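**Q** task: produce atomic coordinates for the following.
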Amino acid sequence: MASPADMSAKGSLLLMQSIVSVGSFIAPPLALHLFERKSGADYLKLNGKISGKVVILTIVLMFCIAPFIDWTVKVNQMMDLPAFMEGLEKWMRDKEKELAELTKHLLTMKTPTELMINIVVVAVIPAIGEEFLFRGCFQTIITKITRNQHLGIWLAAGIFSAIHVQFLGFFPRMFLGVLFGYIFVWSGSIWPAVLAHFVNNATAVVSAYIMQSKGKSLDSLDHPSTSLPEATISLSVALFICYIIFKMTKETREVLND
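**A** Sure, this is the predicted structure:
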């Protein structure tokens, strides 16, 4: 059982993370959005119409893509840098271990109340803040500069992944960022991307809670066991769902372009 000191330290950490997330990721994009709307720009597309079918498909998509993302985590962890970059690789792995321990500390939950708090801090706030900043602002700005929507999506996703400073999970997080980016573009609203991000994070939080309620260690979170065939099926189904979303939102994109 956690001591009062440990609970107090964790509470302070959660509070600090919430304040930093709101101040760094939510407030600046909202300020930019409100300022630029005067000139006709709409960075976040907060009022975009979203169909119930797109919402359902987005949720299903995130569960279907999960095995593929887990497999990319495993592959990313197996990558080794050249010998002359040994020092950099050691720093990256040490940093990864440090952040992994912090994540486990945050995901240590004993009660439903702690679960709800973690869902808010780890899933709700980051989903809103990071999508507002990286998809709504960075992706839109890069797309305007490069005049290439795909380049805007991929570069913003790369920045999104790099800023987490977890390089052994760089590619999985970048792929998720790309997925969120296309969902944002296809739907014409930031909210489906926020929903996708929330489902991804909340699933991890709930899974950690269930594992602990069964007396299992969180160490298995660092070692995904998805096989290549499972990852292939996962990606194939996810791409098919993406195609359906793309076709369903065609009318919305045409209206936005007009």
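**Q** per-residue pLDDT, the nearest residue to V75 once chain neighbours are set aside?
**A** If you skip the residues right next to it in sequence, V75 has F171 as its closest partner in space, 7.6 Å away by C-beta to C-beta, 6 or more residues apart in numbering. Any C-beta I mention is one placed from the backbone N, CA and C, and that applies to glycine too. pLDDT, F171: 93.
**Q** count the neighbours of L115 for me.
**A** Residues within reach of L115, counting by other C-beta atoms under 10 Å, total 19.
**Q** does it touch T108 like I think?
**A** No: under the contact definition of C-beta atoms under 8 Å, L115 does not touch T108, with a separation of 11.0 Å.
**Q** does the residue nearest to V75 count as helix, strand or coil?
**A** Here F171 is recorded as helix under DSSP: H, G, I helix; E, B strand; the rest coil.
**Q** and it, how far is that from L32?
**A** Taking C-beta to C-beta, to the nearest Å as the measure, F171 falls 29 Å from L32.
**Q** got a pLDDT number for G87?
**A** 82.
**Q** same check on C64?
**A** In the predicted model, C64 carries a pLDDT score of 97.
**Q** that one: how many residues sit nearby?
**A** Burial of C64, expressed as a neighbour count using other C-beta under 10 Å, amounts to 20.
**Q** for it, what are its contacts?
**A** With contact taken as C-beta atoms under 8 Å, 6 or more residues apart in numbering, C64 is in contact with 234, 237-238, 241.
**Q** so where's the stretch 151-258 of the chain shaky on pLDDT?
**A** Where the stretch 151-258 of the chain drops to pLDDT under 70, the residues are 220-222, 252-258.
**Q** at 80 what do you get?
**A** Using pLDDT under 80 as the threshold, the predicted model of the stretch 151-258 of the chain has low-confidence ranges 165-168, 217-224, 251-258.
**Q** where exactly do the helices run in it?
**A** 170-187, 191-213, 228-248, 250-257 (DSSP state H, counting those that start in this stretch).
**Q** swap in the stretch 1-150 of the chain?
**A** Counting by DSSP H, counting those that start in this stretch, the stretch 1-150 of the chain forms helices over residues 4-21, 27-36, 52-78, 86-106, 112-118, 125-130, 140-146, 149-162, given from the N-terminal end onward.
**Q** most packed of the ones you listed?
**A** Per residue and on average, the most neighbours among those fall to helix 125-130, with a mean of 22 (mean count of other C-beta atoms under 10 Å).
**Q** spatially nearest residue to the residue minimising distance to the centre of the chain (excluding sequence neighbours)?
**A** Central residue check for the chain by C-alpha atoms, centre = their mean: the C-alpha nearest the mean position is that of H197, 4.6 Å away. In space, H197 comes closest to A127 once its chain neighbours are excluded; the distance is 3.9 Å by C-beta to C-beta, 6+ apart.
**Q** just V120 next, same as before
**A** Spatial nearest neighbour of V120, excluding adjacent residues (C-beta to C-beta, 6+ apart): S18 at 7.8 Å.
**Q** now P224: phi and psi?
**A** When read as degrees, to the nearest 10, the backbone of P224 gives phi -60, psi 150.
**Q** for P67, see how far away it is.
**A** Taking C-beta to C-beta as the criterion, P224 is separated from P67 by 9 Å.
**Q** low-confidence ranges in the stretch 1-150 of the chain?
**A** Within the stretch 1-150 of the chain, the segments meeting pLDDT under 80 span 1-14, 17, 20, 24, 37-42, 48-49, 79-81, 83-86, 88-89, 91-106.
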